[in-house]
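In: Structure for this input, please:
(2 chains)
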Amino acid sequence: MTDTSAPRKKVAGPARGFPMIDFSAPRHREKFGYLLLAPAVILMAAIIVYPILLSVDISMQDVRIARIGDAREPWTLKNYQWLFGSDEFWRGLWVSLKLVFVVGALSVIIGFATAMLVNQKFRGRTAIRLFVALPWAVPEVVATVIWAWMLDSSFGVVNWVLLKLGVISTPVLFFSNPTAAFAAVCFVMIWKGYPLMSIMLLAGLQSIPEEQYQAAAVDGAGPWQRFFYITVPNMLPVIGVTLVMTSLWVFRDFAIIYVLTQGGPIGSTTTLSILTFEQSFEFFRMGQGAAVGVITMILCAIVSRALVGRLAKSVH
Amino acid sequence: MQNRHPLATLALYATAIATCVILLFPIYWMIVTALQPATNLRAYPPQFWPADPQWGVFRSILENHPFMRWFFNSMQIAIAVMIMSLTVSVLAAYALSRFRLRGGQALGLLILTSKMLPATLMIIPLFAIFRTTGLVGSLWSVVIAQATLIVPFCTWMLKGYFDTIPPELEHAALVDGCSPLGTIFRIVLPVAAPGLAATALYSFVVSWSDFLFGRTFLTTTEDNWTLQMGIAALKGEFVTEWNLIMAGSLMSSIPIIIVFLFLERFLVGGLSAGSEK
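Out: I've put the predicted structure just below:
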């Protein structure tokens, strides 16, 4: 574009006296916009769109280690047949859904309670706000390692506290008992996930008009009534968005589970993400791994439809 | 709010402090464990205060592991990702915010959707691409892979900021003879500085924390590892030397926690922009 227009600019330029502001002329404004978008479009086509198409392609081939330019395998649905016929996939789906449900529900409760707390007016709340958001910045691997040590079956502080409180009589073996390992993954995810929840819910709380509360107070509504008739209805859309975002994060997360339990014991923490990785980079069956990944992507797309619909309204 | 009962105020402070103590205990425990002498880690009951802090643990981890090497790898990746994604997304976000372009809406949707891609799926095609182009084992592979997640989100965040800046300033600058690109850099970006800071922080935190991409593309030699890979490997290596692991974890989180404490206020606005609309 610049090649063709540059000579013309030079001819027209001196006559008008402003060769540099060509792009600000109304008929060139749009071109400038497209020019600004070009790097992003090229980058996204190369590193997002093309890889997605490639992964669908890989999922339909019987390949072990994928490589571009190798002799192509014929397209087959073998991997998808394996997928829907295998116990691993259905167990992975079940574990993922359980995890999304438990982590989503608990972190929305903790996040909402924290948001309500730091929304109160008191001295030092800026500091408290900063502190409760801190786990968001702790890298996932670090968070996982800390919890792995806290949940240690012999010397872990969590077992000590539970024993002291009399909740349990023998230490919980967090990494060899399937149920306990699942709970361990939930702990780390909730701890990592609640700060973003509370940040977003706090923003929601602050956007509720103060007049609504004042009007309710004038009408004689008590604190509980104000909470259930004003706060909750106003917050439902925000809660919805945060829940979808957390669900998507839990559904796709890899580092926490992989570092904490490697998907074990006996597959009790193998989500679809872990299964994708395991198939592709541990058993080197990338065809099957890609098939699991493609199904995960489709599930994520279904879950996120609500979110995309909501956010898309603000695109233009 | 002045008419709050003193007891209510007391209860409020007690709840706030209790919440902080419980929620931040893991971070405290990381610091305490790092400073404990190794023998105290098996003490019963656990030692909640490092009576005899062992500062030598930090030197020992630097001497026995290529920790600095990992640190610089992580730093290089995070900075490269930040520069790349900010450059690309500033331009794209400005275009999406100011121009009604054909395909703009479709691109916006693509950006939103790509936020929801499972990274474990993306590494399979990316691995195939990097193997063919010989990038496996190079830090660039992780930089490029990170961009798949970060560029879309940064574009989204920045578009939100640009939308809040009135375009009149730019019109005035254009009339005064400022070039369109100059308008972006001289007029828009200074005003959008908080947004830029938030986006930069987001990008830094995400790429610094990455484990999956490094674990997939950089496993070839220990010298290529990132900090997060190093810490994950330490956990497998020393089953009992938790003080070393915690010291490593602490050192790898300090840069990010410092950045976070300074820039948190900008980030909160940026991250919640999407939910408020």
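In: near chain A, anything from stretch B:189-209?
Out: Yes: using CB under 8 Å from any CB of the partner chain, stretch B:189-209 reaches chain A at B:205, B:208, B:209. In this view, the C-beta of every residue, glycine as well, is placed from N, C-alpha and C.
In: and the longest helix for chain A?
Out: As assigned by DSSP state H, the longest helix anywhere in chain A is helix A:87-119.
In: Same check on chain B?
Out: Chain B, longest helix under DSSP H: helix B:242-276.
In: Show me which residues of the stretch 151-277 of chain B sit near chain A.
Out: Checking the stretch 151-277 of chain B against chain A by CB under 8 Å from any CB, the hits are B:151-152, B:155, B:174, B:177, B:179-181, B:205, B:208-209, B:211-212, B:215-216, B:228, B:231-232, B:235, B:242, B:245-246, B:249, B:252-253, B:256-257, B:259-261, B:264, B:268, B:271-272, B:274-277.
In: residue ranges for the helices of the stretch 151-300 of chain A, please.
Out: Using DSSP state H, counting those that start in this stretch, the helices of the stretch 151-300 of chain A run over residues A:157-165, A:178-206, A:210-218, A:223-226, A:232-252, A:255-260, A:272-277, A:286-312.
In: Which of those sits closest to residue A:46?
Out: helix A:286-312 (18.5 Å; CB to CB).
In: Packing partners of that closest one?
Out: helix A:50-59, helix A:78-85, helix A:87-119, helix A:232-252, helix A:272-277, helix B:104-114, helix B:119-133 (3 or more CB pairs under 8 Å, 6 or more residues apart in numbering or on different chains; DSSP states H and E).
In: Comparing the helices of the stretch 151-300 of chain A, which comes out most buried?
Out: helix A:272-277 (a mean of 27; mean count of other CB atoms under 10 Å in any protein chain shown).
In: what helices or strands is it leaning on?
Out: Against helix A:272-277 (3+ CB pairs under 8 Å, 6+ apart) you get helix A:87-119, helix A:232-252, helix A:255-260, helix A:286-312, helix B:119-133.
In: Residues contacting it, please?
Out: Residues outside helix A:272-277 that contact it (CB atoms under 8 Å, 6 or more residues apart in numbering or on different chains): A:88-89, A:92-93, A:96, A:251-254, A:257-258, A:262-263, A:289-290, A:292-293, A:295-296, A:299, B:118-121, B:123-124, B:212.
In: What distance do you get for residue A:95 to chain B?
Out: For residue A:95, the distance to chain B equals 14 Å [CB to the nearest CB, to the nearest Å].
In: Might you report the residue contacts of the closest residue to that residue other than its chain neighbours?
Out: Leaving aside its sequence neighbours, residue A:95 sits nearest to residue A:271 (CB to CB, 6 or more residues apart in numbering or on different chains; 5.3 Å). Contact analysis of residue A:271 by CB under 8 Å, 6+ apart lists A:92, A:95, A:96, A:99, A:251, A:253, A:257, A:263.
In: redo that, cut-off 6 Å
Out: By CB atoms under 6 Å, 6 or more residues apart in numbering or on different chains, residue A:271 lies in contact with A:92, A:95, A:96.
In: ok, how many other residues are close to the last one?
Out: It stands for residue A:96. As a burial measure, residue A:96 scores 23 neighbours (other CB atoms under 10 Å in any protein chain shown).
In: Equivalent analysis for the first one, please.
Out: The number of residues packed around residue A:92, counting by other CB under 10 Å, is 26.
In: Confidence-wise, which helix or strand of chain A is lowest on average?
Out: helix A:2-16 (a mean of 42; mean pLDDT, DSSP states H and E).
In: picking up where we left off before, may I see the helices and strands packed on helix A:272-277 organised as a markdown table, with mean pLDDT and distance to residue A:178 added?
Out: A markdown table is the format used below for the helices and strands packed on helix A:272-277 (pLDDT from 0 to 100; distance: least, CB to CB, whole Å):
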| stretch | mean pLDDT | distance to residue A:178 |
| --- | --- | --- |
| helix A:87-119 | 92 | 10 |
| helix A:232-252 | 86 | 18 |
| helix A:255-260 | 93 | 13 |
| helix A:286-312 | 81 | 21 |
| helix B:119-133 | 90 | 22 |
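In: got any ranges where the stretch 51-200 of chain B has weak pLDDT?
Out: Within the stretch 51-200 of chain B, the set of residues satisfying pLDDT under 70 is empty.
In: mind redoing it with 80?
Out: B:51-52, B:100-116, B:177 (pLDDT under 80).
In: Which parts of it are helices?
Out: So, for the stretch 51-200 of chain B - with DSSP H, counting those that start in this stretch - the helices run B:56-64, B:67-98, B:104-114, B:119-133, B:139-163, B:168-175, B:180-183, B:189-191, B:193-209.
In: With mean neighbour count and distance to residue A:170 as extra columns, can I get these in CSV?
Out: Below are the helices of the stretch 51-200 of chain B laid out as CSV (neighbours: other CB atoms under 10 Å in any protein chain shown; distance: least, CB to CB, whole Å):
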stretch, mean neighbour count, distance to residue A:170
helix B:56-64, 14, 32
helix B:67-98, 21, 38
helix B:104-114, 18, 48
helix B:119-133, 24, 36
helix B:139-163, 24, 43
helix B:168-175, 14, 68
helix B:180-183, 19, 68
helix B:189-191, 13, 61
helix B:193-209, 21, 36
